[in-house]
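>>> what's the 3D shape of this:
(chains A and B)
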Amino acid sequence: EPEVTQTPSHQVTQMGQEVILRCVPISNHLYFYWYRQILGQKVEFLVSFYNNEISEKSEIFDDQFSVERPDGSNFTLKIRSTKLEDSAMYFCASSASGISRTYEQYFGPGTRLTVT
Amino acid sequence: AQSVAQPEDQVNVAEGNPLTVKCTYSVSGNPYLFWYVQYPNRGLQFLLKYITGDNLVKGSYGFEAEFNKSQTSFHLKKPSALVSDSALYFCAVRDEGGRRALTFGSGTRLQVQP
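The predicted structure is shown next:
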């Protein structure tokens, strides 16, 4: 069964450093998402991406964040200058087009980001 | 703004007994509702959804959920719990409009005792 994959599984970085989290969505999906879950808190939406552009973003997704689909398979989240409060589990997700009327999002296993 | 409430942090049930995990929601239009399960050190795994049609929807691993529009609820149920069902369960909602972002509840930990 196809699945979303994410690398690395755990990333430790120092405050102020840039990090790139990588995701490979399910191959025939057209919508891509990033969510995060701070330890002990809710899963929160960050951004969605469709047709090579951001379609939605939350107030969390400020100028230090960016997303990119550099090739036909990868989807990345870049945090330009990490802060302690960026420490969280970051989940990538993908979903099929609305035409298929499936609507559910499929999540990867997550990348645990620790900022020291 | 849309929101989801899962009023129970933890639900304990004996193996073989029925289980219910509660969820209520708030959206401006018609809701699309989802249940996800998270096992330790794993991602969120899709269980089932309500989009339209029958209020009782069936999903993976014998789980089902009942959509109740008047009570704005979407409770997750299973007739007979297994120890292996022990995990963290999340309810999520989006509206039927253009926004696809899911809003999640805080999660309910299900503990099934042998």
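>>> So which elements touch the helix or strand harbouring residue B:57?
Following DSSP states H and E, the helix or strand that holds residue B:57 is strand B:56-58. Counting contacts by 3 or more CB pairs under 8 Å, 6 or more residues apart in numbering or on different chains; DSSP states H and E, strand B:56-58 packs against strand B:44-50, strand B:64-68. Where C-beta positions appear, they are placed from N, C-alpha and C, glycine not excepted.
>>> is it true that residue B:84 lies in a helix?
Yes - the assignment for residue B:84 by DSSP: H, G, I helix; E, B strand; the rest coil puts it in a helix.
>>> how far away is the residue lying closest to it once chain neighbours are set aside from residue B:17?
Using CB to CB, 6 or more residues apart in numbering or on different chains and skipping the chain neighbours, the partner closest in space to residue B:84 is residue B:112 (7.8 Å). Distance, residue B:112 to residue B:17, by CB to CB, to the nearest Å: 8 Å.
>>> hey, where'd the strands end up in chain B?
Assigned strands in chain B, in chain order: B:3-5, B:10-14, B:19-21, B:24-26, B:31-38, B:44-50, B:56-58, B:64-68, B:73-78, B:87-95, B:103-104, B:108-113 (criterion: DSSP state E).
>>> quick one, which of those strands is nearest to residue A:25?
Of all the strands of chain B, strand B:44-50 sits nearest to residue A:25, with 14.3 Å by CB to CB.
>>> which residues are contacting that closest one?
With contacts defined as CB atoms under 8 Å, 6 or more residues apart in numbering or on different chains, strand B:44-50 is touched by A:43, A:91, A:93, A:103-107, B:31-39, B:57-61, B:63-65, B:67, B:74, B:76, B:89-90.
>>> and with 7 Å instead?
The set of residues external to strand B:44-50 that reach it, using CB atoms under 7 Å, 6 or more residues apart in numbering or on different chains, is A:91, A:103-104, A:106-107, B:32-38, B:57-60, B:63, B:65, B:67, B:74, B:90.
>>> same question for it, mean pLDDT?
Here strand B:44-50 scores 94 as its mean pLDDT.
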